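In: Just need the structure, nothing else, for what follows:
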Amino acid sequence: MPDWPELFEAWELVEVDLHQQFGLDLAAIPERDWRWLRARIRGLLRDPSSRTYRGTVKARKSA
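Out: Sure thing, here's the model as predicted:
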């Protein structure tokens with residue numbers, strides 16, 4: 001699993017996936033806590049069909 005600096009480098013993919021898969025606009029969820037967001041990002045990292053997975057986990061395995 002990628003570390004947080006790697007995720008921040010791929011943040012655009014994370015944002016698109018969060019919107020597409022969960023209908024989340026990060027600007028509109030300031031009342032949610034960090035654990036809530038972290039759980040959804042971890043879900044994306046486990047989903048081979050997500051951009052986040054392909055741009056981080058799969059890329060790491062290919063290297």
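In: switch to C-alpha atoms for all contacts and neighbour counts from now on
Out: Will do.
In: which stretches of the chain form helices?
Out: All helices of the chain, identified by DSSP state H, fall at 4-9, 11-22, 34-45, 51-52, 58-62.
In: tell me, which of those is the model least confident about?
Out: Ranked on mean pLDDT, the bottom entry among those is helix 58-62, at a mean of 81.
In: Which residues does that one contact?
Out: Residues outside helix 58-62 that contact it (Cα atoms under 8 Å, 6 or more residues apart in numbering): P2.
In: how does it look with 10 Å?
Out: M1, P2, E6, L45, P48, R51, T52, Y53, R54, T56 (Cα atoms under 10 Å, 6 or more residues apart in numbering).
In: most packed of the helices of the chain?
Out: Compared across the helices of the chain, helix 51-52 shows the largest average neighbour count, a mean of 24 (mean count of other Cα atoms under 10 Å).
In: same for it, what does it pack against?
Out: Helices and strands touching helix 51-52, by 3 or more Cα pairs under 10 Å, 6 or more residues apart in numbering; DSSP states H and E, are helix 11-22, helix 34-45.
In: CSV for those helices, including distance to R60?
Out: Output for the helices and strands packed on helix 51-52, formatted as CSV (distance: least, Cα to Cα, whole Å):
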stretch, distance to R60
helix 11-22, 15
helix 34-45, 12
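In: related to what we said a few turns ago, can you tell which of the helices of the chain is closest to A28?
Out: helix 11-22 (11.1 Å; Cα to Cα).
In: Packing partners of the closest one?
Out: So helix 11-22, by 3+ Cα pairs under 10 Å, 6+ apart, packs with helix 4-9, helix 34-45, helix 51-52.
In: try 8 Å
Out: Applying 3 or more Cα pairs under 8 Å, 6 or more residues apart in numbering; DSSP states H and E, we find helix 11-22 packed against helix 34-45, helix 51-52.
In: chain center to the longest one: distance?
Out: Okay, so that is helix 34-45. Helix 34-45 has its C-alpha centroid displaced from the chain centroid by 7 Å (Cα atoms, centre = their mean, to the nearest Å).
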